[in-house]
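*Asks:* next one to model:
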Amino acid sequence: MNFGQWIGIICLIAASIVVWEIRELLLLIFAAVVLATAFNSLVRRFQASGVKRNLAIAVTLGATVLIGLLFGWLIFPPFIDQFVQLVRALPTAVTQIVDRLDALIEQRLSWLPLDIELPDTTDIAGQLRPLAQNALQELFTFFSTSLNALLKVLLVAILTVMMLVNPSAYRNTFVQLFPSFYRRRADHILTKCEIALGNWMAGLLVSSSVVAALSATGLSILRVNFVLAHALLAGLLNFIPNIGPTLSLVFPLIVALQDAPWKAIGVLILYFVIQQAESYLVTPTVMQQQVSLLPAITLIAQIFFANLFGLLGLLLALPLAVVAKTWIEEALIKDILNPWKRKSMAVVDHPIVIAEEQPELAALPADRSLPPDSPSPDDSPSHSTSSATDHGSD
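*Replies:* The predicted structure follows:
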């Protein structure tokens with residue numbers, strides 16, 4: 001290896017380290033690209049009906065904001081009301097627990113030895129003080145983490161709007177990163193990625209709608225309050241793989257517990273059945289039809305990206321898998337592996353001469369390739385070099 005090759009390797013290693021250090025920022029940019037792709041498909045539909053692009057963007061974003069506000073109005077007030085009632089009921093529940101403990105201590109159960117020393121209240125308070133301090137620290141960490149997450153959401157929203165206003169400029173900038181002979185092909189692959197992401201989002205909408213409908217039906221049968229809010233929340237959180245269905249269980253479970261214990265058990269069973277049906281029937285079927293992602297590949301992608309990038313990688317596992325699948329099929333398989341296989345096999349120029357030496361090849365047409373262990377008699381360094389050059393120019 002010469003000096004220039006060593007410099008190239010060092011630059012590649014340095015670039016890999018930089019990319020790894022800014023991986024979270026790159027994931028946020030990818031999230032903005034996914035959202036911009038979704039909004040851009042809606043904008044194009046408005047444009048197809050004769051609406052100008054700027055007006056179509058304004059209508060799309062305005063409708064999204066209105067839907068978000070309506071969703072928040074339907075979801076948050078009932079949950080806030082239930083949470084306030086729960087907080088008000090906590091002191092009474094704690095008082096009852098303390099009274100029962102005091103009664104047990106005063107009664108000195110018959111099986112309790114007479115010489116046992118009961119814990120002092122002061123000692124208990126001293127042991128609880130560090131726990132309270134840790135709880136305050138965890139509360140501060142929670143608020144700081146929430147603020148950080150809010151800033152990330154704001155960054156993604158701003159990037160989404162910027163990309164939506166002029167997507168072709170950002171796309172052309174990305175295409176310029178490829179060699180000149182491959183830029184047209186890269187642009188074609190990006191178009192296929194856009195189509196695949198659109199199909200994935202359509203499949204996800206279908207899956208989330210099914211989950212919301214099943215949740216609404218089951219909760220109505222169980223007569224749980226705020227059915228519409230719970231169903232909408234279940235459909236929305238279905239966008240988050242694996243942990244979304246679990247999070248959607250919390251609020252209906254709290255509401256059912258305040259009403260009747262048997263309803264809480266019914267809610268647990270209902271959401272377990274819905275999650276199993278969604279995980280093993282609805283989502284795999286829809287995704288296989290929309291983006292041809294096999295169920296095992298979907299699960300492996302979620303585990304891989306979650307271990308590699310954390311929670312953000314888990315949230316973006318499916319779109320990352322869709323884009324990675326498209327690039328692997330187009331760039332790796334079609335552009336590298338398939339031509340590599342054809343190039344490595346010699347072309348038979350004189351099948352009659354070879355057939356005299358090997359009668360089993362007599363039926364081969366002139367454009368067929370020989371087996372790997374039968375090189376062509378015309379193989380020479382100049383011949384192989386020219387064929388490789390011709391293929392590269394294609």
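*Asks:* number of residues surrounding Tyr280?
*Replies:* 11 (other C-beta atoms under 10 Å). The way it works is simple: take the backbone N, C-alpha and C, and place the C-beta from them, glycine included.
*Asks:* who are the contact partners of it?
*Replies:* When contacts are counted by C-beta atoms under 8 Å, 6 or more residues apart in numbering, Tyr280 touches Pro295.
*Asks:* same thing but at 7 Å, please
*Replies:* If you count contacts by C-beta atoms under 7 Å, 6 or more residues apart in numbering, Tyr280 has none.
*Asks:* can you pull the domain assignment for the chain?
*Replies:* 26-108+128-177, 179-339 (automatic domain parsing).
*Asks:* just those: most buried one?
*Replies:* Among the domains of the chain, domain 179-339 has the highest mean neighbour count (mean count of other C-beta atoms under 10 Å), at a mean of 17.
*Asks:* quick check: mean pLDDT of that one?
*Replies:* For domain 179-339, mean pLDDT rounds to 85.
*Asks:* do stretch 71-80 as well
*Replies:* Stretch 71-80 comes out at a mean pLDDT of 73.
*Asks:* for stretch 53-64, what is the average pLDDT?
*Replies:* 90.
*Asks:* can you redo the domains of the chain as JSON lines with distance to Ile7?
*Replies:* Shown next, in JSON lines, are those (distance: least, C-beta to C-beta, whole Å):
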{"stretch": "domain 26-108+128-177", "distance to Ile7": "20"}
{"stretch": "domain 179-339", "distance to Ile7": "19"}
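*Asks:* among those domains, which comes closest to Trp6?
*Replies:* Smallest distance to Trp6 across the domains of the chain (C-beta to C-beta): 21.6 Å, for domain 179-339.
*Asks:* and the end-to-end length of the closest one?
*Replies:* Length of domain 179-339, first residue to last, C-alpha to C-alpha, to the nearest Å: 19 Å.
*Asks:* the helices in the stretch 101-250 of the chain, which residues?
*Replies:* Remark: helices assigned in the stretch 101-250 of the chain by DSSP state H, counting those that start in this stretch are 121-165, 167-175, 183-222, 227-237, 243-259.
*Asks:* helices or strands next to the third one in the packing?
*Replies:* This means helix 183-222. Here helix 183-222 touches helix 23-48, helix 167-175, helix 227-237, helix 261-277, helix 283-290, helix 317-327, going by 3 or more C-beta pairs under 7 Å, 6 or more residues apart in numbering; DSSP states H and E.
*Asks:* out of the helices of the stretch 101-250 of the chain, which gets nearest to Val286?
*Replies:* Of all these, helix 183-222 comes closest under C-beta to C-beta, at 4.3 Å.
*Asks:* so for stretch 17-26, mean pLDDT?
*Replies:* According to the model, stretch 17-26 has a mean pLDDT of 89.
*Asks:* pull the CA atoms of that stretch into PDB?
*Replies:* The C-alpha trace of stretch 17-26 is given here as PDB (Å, rounded to 0.1, in the frame of the first residue of the first chain):
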ATOM      1  CA  ILE A  17     -15.600   7.900  14.500                       C
ATOM      2  CA  VAL A  18     -17.200  11.300  13.700                       C
ATOM      3  CA  VAL A  19     -20.300   9.600  12.400                       C
ATOM      4  CA  TRP A  20     -20.600   7.500  15.500                       C
ATOM      5  CA  GLU A  21     -20.200  10.500  17.800                       C
ATOM      6  CA  ILE A  22     -23.000  12.300  16.100                       C
ATOM      7  CA  ARG A  23     -25.200   9.300  15.600                       C
ATOM      8  CA  GLU A  24     -28.100  10.800  17.700                       C
ATOM      9  CA  LEU A  25     -28.100  13.900  15.500                       C
ATOM     10  CA  LEU A  26     -28.100  11.800  12.400                       C
END
